[in-house]
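Enquirer: here is my input; please provide its structure:
(chains A and B)
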There are 2 protein chains.
Amino acid sequence: MGSYNQTVVLDAIRRSGGLSRVELAAATGLSAQAVTNICRRLLAAGFVQEAGTTNVGRGKPRTLLRLDADARLAVGVHVDPAVVSVGLLNLEGALLAEERVATPSALDPPRAIATITDAVDAAIAAGQADRGRILGVGVAAPGPVDLRRGVVANPPNLPQWHHVPLRKDLAATTGLPVLLDKDVTAAAVAETWWGSPGRGGTMAVLYIGTGIGVGLVVDGKVVRGSSGNAGEIGHVVVDPDGPYCACGQRGCVAVTVAPVALVEQGRRAGVLDARTPSDTAGAVVALFDRADAGDVVARGIVEDAAAGMARLALVVTNLLDLDRLVLGGPFWSRLEPYYAGAVAGFRSGAAAHQIHDVEVVGTSFGEHFGAVGAASLVLDQAFSAHPTALVEDLRDDSPRARTRRAVAS
Amino acid sequence: MGSYNQTVVLDAIRRSGGLSRVELAAATGLSAQAVTNICRRLLAAGFVQEAGTTNVGRGKPRTLLRLDADARLAVGVHVDPAVVSVGLLNLEGALLAEERVATPSALDPPRAIATITDAVDAAIAAGQADRGRILGVGVAAPGPVDLRRGVVANPPNLPQWHHVPLRKDLAATTGLPVLLDKDVTAAAVAETWWGSPGRGGTMAVLYIGTGIGVGLVVDGKVVRGSSGNAGEIGHVVVDPDGPYCACGQRGCVAVTVAPVALVEQGRRAGVLDARTPSDTAGAVVALFDRADAGDVVARGIVEDAAAGMARLALVVTNLLDLDRLVLGGPFWSRLEPYYAGAVAGFRSGAAAHQIHDVEVVGTSFGEHFGAVGAASLVLDQAFSAHPTALVEDLRDDSPRARTRRAVAS
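Expert: Numbers count the residues shown, from 1 in each chain, chains lettered A, B, ... in the order given. So this is what the prediction gives:
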């Protein structure tokens, strides 16, 4: 049945001023029983409220369900190699506040945790949010993550982070329930919730940050894999003539089309120089600015990258027979003019192109994708009929919370 | 919930001389209600029978459920580029009969259908099977397939097959219900049913035939993708220094490690010659025989192939964060001594290798993998709580069959 039936119902409520259960069944095509069950969960999770009644014909009055957008809030913490973005999201998907801090080194873990905690508190304060309404904190981190322990393991893109127990430590410092997932999982959850609610189907979200990863959705369900680390594509070869990679191969995503690799190419070719911003985001923007300005070398780098992205899109599409490919990340709007056409062009080479087309779209979250995705993890967990993530909740001494902690430790 | 709970129950029954529902709940860890529901479906599908009772303490006697291995049978038709294998499978997974014919050209579709029909009839006769016990015919074909229409679309590995409506035509000639899936889907279903029943988890089955494809299982469910064409990996680059491919890239699976490409390499290098069998299977065996005999060139080809397979295993493992990788195909036993070590070696480079290991195993079906997989599609369909495949059933004029045909046409 999949949780996407539930997002269909929530979405129908969200887009209306209020609907009865009978109207919801008609609007969604779900059975009355399914709608009743889903509404029970929505009410229990505090996502909707019963708000008045409506009379239809002679039958008994029907209770209206209405979204109370600010009844519950979720905090999202997106740990990017350069920036930690903290967002406060309401049930409509509106970002009420966002704070950003430079990603701390975790060579001093307590200090890193304190920096992130301060950003969480600042976002809650900026959104003037009642802490009692906050469902929890979702953390999206680069892989590999250790979901069972709630640990950011040893990400190649976070060289100073070694087995940081982020879930447990943040639960202690914030006093809020905390869950942790890989960054691309959060992106996939966000697209399932807000980008194409109830669409079901098979989708990939190519998330372009410092590196590139992919969030996967199969038959409407987000794919986490065996340990929460699905979506690793850094060593897919997209350019056989590309540079050598530490893995022993040539032309991997990690050394060709990953933004950090584009910057490296730009510096080596002299397109970027000492005046270029030192951070990846700033340097990527500078590279694309040079391409816009007609610099032939910059344009070559960017066009090769677009071709590589198209190749990557083809590999993922063929492996999973995708319905839909979404591209996004903090500077997607800057990349889009160069990438969108090339990436869409791969479709005629897809193995199943004679059977069906693949929809290729950019995400609508822009630079907020990370924080929105991380916060969406909390909504997904609170709302899901079958919660899958492990939550660290130090507030609650209920048997359930104790069991969860026992499982997680 | 996934159908893997059901395979757990069937497997428990299969391995016992007979179990009561209470014993099944204890043996599987499922709830009494879940066991009752699953047993109802097993009884309805004719997979098990109620067979006597057992007394435990003072309670009322418990009804025993026993597998009736030959109560229902399934026919599997595996369409390989060179050979069509037709198997007759019972409910224990025993292959009661297998027939093989050279894959007919489908430039004359009625003749091709007649050839396959004759092989089906021969297998049924050889197994001395009562036609009334046959649940149906499962067809596994190279992709792309058009699941909605039941058509083998235009497979690059079957150059003379263009949009053959195999499902409908075989239903007409055999008088049996027929379903069609991609070959790698059948392999994944077979591994879910017989290889690791009830294991759940995330698994890939690398099927090595004329080409190489991958069957995918995510959280215990077989992945078909948008149109039933998931698992296409022919254009994953595994050797950046490899030969050019028609797709415009270099070193793709299709031109490097696919058996048909190995044979091509062997012929070009003079390791294989005019005396080598002309079929891919025979030529691959000849190539590996030469490697065994110490031929340096043959050994180089084989070792490069093993390295390429390891690379492919890494790409799939990282993308889906696999628990388990299964390798198989008609001549797997011949390849295994060269491939198994190299392929298992990739694991230390997997993105999540610090978190968990990946189990790498060869399939136990050997050369029968194709026919067993195709027949398993029928059992999966008959048994599943939520059948997903479309069945062409011209025997039955029930409203359900008419609806199915309407959907399928």
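Enquirer: student question: in chain A, what's the helix or strand with minimum average pLDDT?
Expert: The helix or strand of chain A with the poorest confidence is helix A:399-408; it has a mean of 45 (mean pLDDT, DSSP states H and E).
Enquirer: now do stretch A:99-111: everything it contacts.
Expert: A:79-86, A:112, A:115-116, A:118-120, A:122-123, A:126, A:152, A:158, A:160-162, A:164, A:169 (Cβ atoms under 8 Å, 6 or more residues apart in numbering or on different chains). The C-beta positions use only the backbone N, C-alpha and C, and glycine is treated the same way.
Enquirer: could I get it in CSV with only the CA atoms?
Expert: Output in CSV follows, covering the C-alpha atoms of stretch A:99-111 (Å, rounded to 0.1, in the frame of the first residue of the first chain):
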residue,chain,number,x,y,z
GLU,A,99,20.0,29.4,9.7
ARG,A,100,23.4,28.6,8.2
VAL,A,101,26.7,28.1,9.8
ALA,A,102,30.1,27.0,8.4
THR,A,103,30.3,23.2,8.9
PRO,A,104,32.4,22.8,12.1
SER,A,105,35.3,20.4,12.2
ALA,A,106,34.4,17.4,14.3
LEU,A,107,38.0,16.8,15.5
ASP,A,108,36.5,18.5,18.6
PRO,A,109,33.0,16.7,18.6
PRO,A,110,31.5,18.5,21.6
ARG,A,111,32.3,21.9,20.0
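Enquirer: quick one: average pLDDT of that stretch?
Expert: Stretch A:99-111 comes out with an average pLDDT of 90.
Enquirer: show me what from the stretch 251-400 of chain A comes close to chain B.
Expert: Within reach of chain B by Cβ under 8 Å from any Cβ of the partner chain, the stretch 251-400 of chain A has these residues: A:251, A:311, A:314-316, A:318-323, A:349, A:351-352, A:354-356, A:358.
Enquirer: ok, now with 6 Å
Expert: The interface of the stretch 251-400 of chain A toward chain B, taken as Cβ under 6 Å from any Cβ of the partner chain, is made up of A:Gly251, A:Val315, A:Asn318, A:Leu320, A:Asp321, A:Asp323, A:Ala351, A:Ala352, A:Gln354, A:Ile355, A:His356.
Enquirer: what is the burial count for the fourth one?
Expert: Counted with other Cβ atoms under 10 Å in any protein chain shown, the burial measure for A:Leu320 works out to 29 neighbours.
Enquirer: does it touch B:Ala230 like I think?
Expert: Yes. Using Cβ atoms under 6 Å, A:Leu320 is in contact with B:Ala230, at 5.4 Å.
Enquirer: can you give me the helices in the stretch 151-300 of chain A?
Expert: Shown for the stretch 151-300 of chain A, the helices assigned by DSSP state H, counting those that start in this stretch span residues A:166-174, A:183-190, A:259-268, A:280-292, A:296-320.
Enquirer: tilt between the fourth one and helix A:259-268?
Expert: It stands for helix A:280-292. 60 degrees (axes from the mean of the first three to the mean of the last three Cα atoms, to 10 degrees).
Enquirer: so, low pLDDT: which residues of chain A?
Expert: Scanning chain A with the threshold set as pLDDT under 70 gives A:1-4, A:197-198, A:384-389, A:394-409.
Enquirer: need the contact partners of stretch A:210-218.
Expert: For stretch A:210-218, contacts defined as Cβ atoms under 6 Å, 6 or more residues apart in numbering or on different chains pick out A:81, A:157, A:184-185, A:187-188, A:192, A:202-207, A:223, A:230-231, A:233, A:253, A:258-260, A:280, A:316, B:218, B:223.
Enquirer: that stretch: how far from the chain's middle?
Expert: In terms of Cα atoms, centre = their mean, to the nearest Å, the centre of stretch A:210-218 is set 9 Å apart from its chain centre.
Enquirer: cool, stretch A:64-72 as well?
Expert: Offset of stretch A:64-72 from its chain centre (Cα atoms, centre = their mean): 23 Å.
Enquirer: buried subset of the contacts of stretch A:99-111?
Expert: Listed as buried from the contacts of stretch A:99-111 are A:79-86, A:112, A:115-116, A:119-120, A:122-123, A:152, A:158, A:161, A:164, A:169; burial here means 16 or more other Cβ atoms under 10 Å in any protein chain shown.
Enquirer: out of those residues, which are inside strands?
Expert: Secondary structure from DSSP state E places A:Val79, A:Val83, A:Val84, A:Ser85, A:Val86, A:Val152 of the buried ones among the contacts of stretch A:99-111 in strands.
Enquirer: could I get those as TSV with distance to B:Glu392?
Expert: Formatted as TSV, those follow (distance: Cβ to Cβ, whole Å):
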residue	distance to B:Glu392
A:Val79	52
A:Val83	55
A:Val84	56
A:Ser85	52
A:Val86	55
A:Val152	51
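Enquirer: between these, which is nearest chain B?
Expert: Proximity of those to chain B was ranked by Cβ to the nearest Cβ; the top entry is A:Val152 with 11.4 Å.
Enquirer: list the residues that contact that closest one.
Expert: A:Val152 neighbours (Cβ under 6 Å, 6+ apart): A:Ala141, A:Val145, A:Trp161, A:Val164, A:Leu166.
Enquirer: contacting chain B as well, which ones from those?
Expert: Within the contacts of A:Val152, nothing lies near chain B by Cβ under 6 Å from any Cβ.
Enquirer: wait, which of those is closest to chain B?
Expert: When the contacts of A:Val152 are compared for distance to chain B (Cβ to the nearest Cβ), A:Val145 wins out at 7.9 Å.
Enquirer: my guess is that closest one contacts A:Asp181, does it?
Expert: No. Here A:Val145 does not reach A:Asp181: they are 7.0 Å apart, not a contact under Cβ under 6 Å.
Enquirer: sec struct for the residue lying farthest from the centre of chain A, please.
Expert: Distance to the chain centre peaks in chain A at A:Arg58, reaching 46.7 Å (criterion: Cα atoms, centre = their mean). Here A:Arg58 is recorded as coil under DSSP: H, G, I helix; E, B strand; the rest coil.
Enquirer: next up, phi/psi of it, please.
Expert: When quoted as degrees, to the nearest 10, the phi and psi of A:Arg58 stand at phi -100, psi -10.
Enquirer: mind checking how far it is from A:Glu50?
Expert: Distance of A:Arg58 to A:Glu50, given as Cβ to Cβ, to the nearest Å: 22 Å.
Enquirer: and what of A:Asp241?
Expert: According to Cβ to Cβ, A:Asp241 stands 63 Å off from A:Glu50.
Enquirer: next: A:Ile116.
Expert: For A:Ile116, the distance to A:Glu50 equals 37 Å [Cβ to Cβ].
Enquirer: the residue nearest to A:Arg21 when sequence neighbours are not counted sits in which helix or strand?
Expert: Distance criterion Cβ to Cβ, 6 or more residues apart in numbering or on different chains; nearest residue to A:Arg21, sequence neighbours excluded, is A:Val35 at 5.2 Å. Element membership of A:Val35 [criterion: DSSP states H and E] is helix A:32-44.
Enquirer: just checking, what packs against that helix?
Expert: On a contact count with 3 or more Cβ pairs under 6 Å, 6 or more residues apart in numbering or on different chains; DSSP states H and E, helix A:32-44 meets helix A:21-28.
Enquirer: from A:Ala307, how far out is A:Gly341?
Expert: Using Cβ to Cβ, A:Gly341 is found at 11 Å from A:Ala307.
Enquirer: which residues in the stretch 101-250 of chain A form strands?
Expert: A:134-141, A:145-146, A:151-152, A:178-182, A:203-208, A:212-218, A:221-222 (DSSP state E, counting those that start in this stretch).
Enquirer: would you check that A:Ala230 makes contact with B:Leu322?
Expert: No. Using Cβ under 6 Å, A:Ala230 is not in contact with B:Leu322; the gap is 9.0 Å.
Enquirer: pull the number of nearby residues for A:Lys221.
Expert: With other Cβ under 10 Å as criterion, A:Lys221 counts 20.
Enquirer: equivalent analysis for A:Gly248, please.
Expert: A:Gly248 has 11 neighbours, counted by other Cβ under 10 Å.
Enquirer: kindly report the same for the one 10 residues further on.
Expert: Residues contacting A:Ala258 under the criterion other Cβ under 10 Å number 24.
Enquirer: for chain B, what's the nearest residue on the stretch 251-400 of chain A?
Expert: For the stretch 251-400 of chain A, Cβ to the nearest Cβ, closest residue to chain B: A:Asp321, 2.4 Å.
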